[in-house]
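Model the structure of this input:
(2 chains)
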Amino acid sequence: MQAFITSRGPRLIDPQDQEWSRELVHSLTDNQEPFDALLEWLDTDRETAGQRYEVIRAGLIRMFISNGLSDAEHYADETIDRVIKRLPEIKETYVGDPVKYFHGVARNVIRESRRRKEVLIDIVPDRFLQEPYKSDTSECLSKCLGLLSRDKQEFILDYHLYKGHAKIEHHRQMAGELAITEGALRTRAHHLRVTLEKCVLECVDKFGRNKTHVSSHR
Amino acid sequence: MVIINSNDKNEVKLYLLGQLEQTAAERLELRLLTDAAFGEEFDVIVNEITDDYVGDELHGDDRKRVQQYFLRSTERQNKLRFASELLDRAAVERAPARVVQVQPGMLERVRAFWGNIALLTRFATTFAAIVIVAGVLLLTIPGTRTSGNYTVVNLAISNSERASGSEIKQVRLEPGSPGIRIELALPAQVPQSKDYRVELLDEKQVARNLKIEQQTERSLIVVLPANEIRPGSYYVRLYAGEQRIRGTYFFTVQ
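Numbers count the residues shown, from 1 in each chain, chains lettered A, B, ... in the order given. Model prediction:
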C-alpha cells in the first residue's frame, strides 16, 4: 500500500488496483510530499500512520453523515486537504494528539456547510420506501445476493427475520445452531451486511447512471 | 469487533438522534476518529436504528427524531432503502423455512385425534354431526334472511405497495347488507401462523385491526360492518405475529 493524492483526495491504495489505475495517472506528484508529511505527523512508523489515517478518514465519514451532510466522503477529503495545507505552519508548534486537530477542522466544515444550508431538514423519508425507488434496489439485491454462496445468502436473510423479542430469541437460536456466541453471530452478520450493502449501493448507482445516460440520448 | 457497554450504546443512540449534549458528542466523535472497533459498533447501531424504523418498531418522539435528524443525509436514505428491501426479502424468502416450531393448532389436534379413531366410529360421528348442523341451520337461516346477506369479496395479495387499476376490486354494498365479508387469499409462500393480524387502512391512511372470523390453510375471512364503511379506497395489510407479510390487498367501495 502506498500513499497517493488522487483526484478523489488523498488515499492509501494498492497501485496494482485496476480501479485506481486511471486515478494514479492523474495523481499530482507535487502533492505526494505533503501527504507523506501528514502520515509522518500521525506516526513515525509508516504502517501505523497508515492505519491511523484510515481510522481517521472512516471516522470523519461517520461524523459527517451523522451530522446530516450528504456526500460525506467529499467532506472527509476536504477536511484532510485542509489539514495537509495547514500542516507546515502547525507541525512544529502543535501540542497534543493530531486527531483533535482533525476533529476541530471537521467541526468547522460542518458549521460552514450548515451556514450554506447543505444539511437537509424536513425531509419525508417514507417516499424513499416507495416505488420506483425500491425497484432498482430490489433488482440489485437479487443480483448481489446471487454473488454470495447459498449458506451466506440464507444466513444474512435468516438473521434479518423477526422483530423485537422474537428477533432476540431467533438470534440466540441461530447462534446455538452454528455453535458460536451471539456476539460472533452479530459480527458475522454485520460484516456480511456491509459487503452486501456496498454491492447493492454500487449497483443502484450504476443503474441510475445508465438510466440518465439512456434518457439523455432520447 | 468489541461489544460496547450499554452506557456507550445509549450514548451512540442519543448522538445518532441528535440528543447528546455537546461535550459528550465531541468525546464520542474523537473516539470515532481513533477507535476502529468502536466505529464498527457505531455502524451496527446505525443499522439497528434503521431496521427498527423500517420495521415500525419506533414510535412517537423516537420515530420523529429518526425522520427529522437521523435520515437527513443521502447516505442514510440509501441505507434505509437497502434495509427495507433486505427485511422484506428476508420475510418473504426465509420465513417459511424458519417458522418450524409452531405449536399445533386446534385444527391439527382434531385431525390427529380423528386419525386415531376406528372407521365405523368415524362414519357414525360424521352422520351425527350432519344431523346436528342441519338442525342448527334450519333454526338460524330465517334470522339471516331478515338481516340481509353479507357482500362477499375475495381478494388476492398484490406485491405492490400501491394499487394499479387492474388490482383494485370494486365492491358494491347492497342495501340492507350487514357489511362486507372479505376473504383474503394467503400467499402460497407464507408460512402458516396461529396469530395473523389483519390491518385495514382507508384513503387517509387511518389504520385499524379487523377481527378474523375464520381461518383456513389458504385464506382468512374478516368482516367489515356496513356502518363502518364509507365509499372509497381501502388497503389491507397482513401480519404473521409481528412480521409484516409483503404485499397489500386492495379494494374500493362504490
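
Can you list the low-confidence ranges for the stretch 101-250 of chain B?
Within the stretch 101-250 of chain B, the stretches with pLDDT under 70 are B:101-148, B:160-167, B:189, B:191, B:204-205.

can you pull out the strands in it?
Using DSSP state E, counting those that start in this stretch, the strands assigned to the stretch 101-250 of chain B run over residues B:151-155, B:169-171, B:179-185, B:196-201, B:207-210, B:212-215, B:219-225, B:232-240, B:243-244, B:249-253.

residues near residue B:206, how many?
Residues lying near residue B:206 (other Cβ atoms under 10 Å in any protein chain shown) number 8. Quick note: C-beta positions are derived from backbone N, CA and C, even for glycine.

Quickly note the distance from it to chain A.
16 Å (Cβ to the nearest Cβ, to the nearest Å).

residue ranges for the helices of chain B, please.
Secondary structure of chain B (DSSP state H): helices at B:6-16, B:22-32, B:36-54, B:60-65, B:74-93, B:95-98, B:106-115, B:119-147.

Buried residues of the first one, list them for me.
Neighbour counts using 16 or more other Cβ atoms under 10 Å in any protein chain shown place B:8-9, B:11-16 of helix B:6-16 among the buried residues.

so which of the residues you listed are also by chain A?
With Cβ under 8 Å from any Cβ of the partner chain as the criterion, the buried residues of helix B:6-16 include B:15-16 near chain A.

how about the buried residues of helix B:6-16, which pair is most distant?
Farthest-apart pair in the buried residues of helix B:6-16 is B:8 and B:16; separation 12.6 Å (Cβ to Cβ).

And the helix or strand harbouring residue A:55, how far out from the chain middle?
Taking DSSP states H and E as the criterion, residue A:55 maps to helix A:46-66. Here helix A:46-66 is found 10 Å from its chain centre; the criterion is Cα atoms, centre = their mean, to the nearest Å.

helices or strands up against it?
strand A:9-13, helix A:29-42, helix A:72-90, helix A:98-115, helix B:22-32, helix B:36-54 (3 or more Cβ pairs under 8 Å, 6 or more residues apart in numbering or on different chains; DSSP states H and E).

now the strands of the stretch 101-250 of chain B as a markdown table including mean neighbour count?
What follows is the strands of the stretch 101-250 of chain B, written out as a markdown table (neighbours: other Cβ atoms under 10 Å in any protein chain shown):
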| stretch | mean neighbour count |
| --- | --- |
| strand B:151-155 | 16 |
| strand B:169-171 | 15 |
| strand B:179-185 | 19 |
| strand B:196-201 | 17 |
| strand B:207-210 | 12 |
| strand B:212-215 | 14 |
| strand B:219-225 | 18 |
| strand B:232-240 | 18 |
| strand B:243-244 | 21 |
| strand B:249-253 | 19 |
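
looking at the ones you listed, which is closest to residue A:94?
strand B:243-244 (54.0 Å).

Could you spell out the sheet neighbours of that closest one, each with its direction?
Sheet partners assigned to strand B:243-244 using DSSP bridges are listed as strand B:232-240 (antiparallel).

Quick check on the residue in the stretch 101-250 of chain B that chain A sits nearest to: phi, psi?
Residue nearest to chain A within the stretch 101-250 of chain B: residue B:242 (4.6 Å; Cβ to the nearest Cβ). When read as degrees, to the nearest 10, the backbone of residue B:242 gives phi -100, psi -10.

Now do the same contact list for it.
Counting by Cβ atoms under 8 Å, 6 or more residues apart in numbering or on different chains, residue B:242 touches A:162-164, A:166.

ok, which pair from those residues is furthest apart?
Using Cβ to Cβ for every pair in the contacts of residue B:242, the one that comes out farthest apart is A:162 and A:164, at 7.5 Å.

Neighbour count: these two, which is higher?
More crowded of residue A:162 and residue A:164, by other Cβ under 10 Å: residue A:162, with 23 against 12.

Where does pLDDT dip in chain A?
A:1-31, A:117-134, A:209-218.

quick one, longest helix in it?
Per DSSP H, chain A has its longest helix at helix A:182-216.

any idea of the angle it forms with helix B:74-93?
110 degrees (axes from the mean of the first three to the mean of the last three Cα atoms, to 10 degrees).

what's the residue nearest to residue A:147 when sequence neighbours are not counted in contact with, if anything?
Nearest non-adjacent residue to residue A:147, counting by Cβ to Cβ, 6 or more residues apart in numbering or on different chains: residue A:199, 6.7 Å away. Taking Cβ under 8 Å, 6+ apart, we find residue A:199 in contact with A:140, A:143-144, A:147.

For residue B:221, find the nearest of the helices and strands packed on helix A:46-66.
That would be helix B:36-54 among the helices and strands packed on helix A:46-66, by Cβ to Cβ, at 29.9 Å.

Report all helices and strands that the closest one contacts.
On a contact count with 3+ Cβ pairs under 8 Å, 6+ apart, helix B:36-54 meets helix A:46-66, helix A:182-216, helix B:6-16, helix B:22-32, helix B:74-93.
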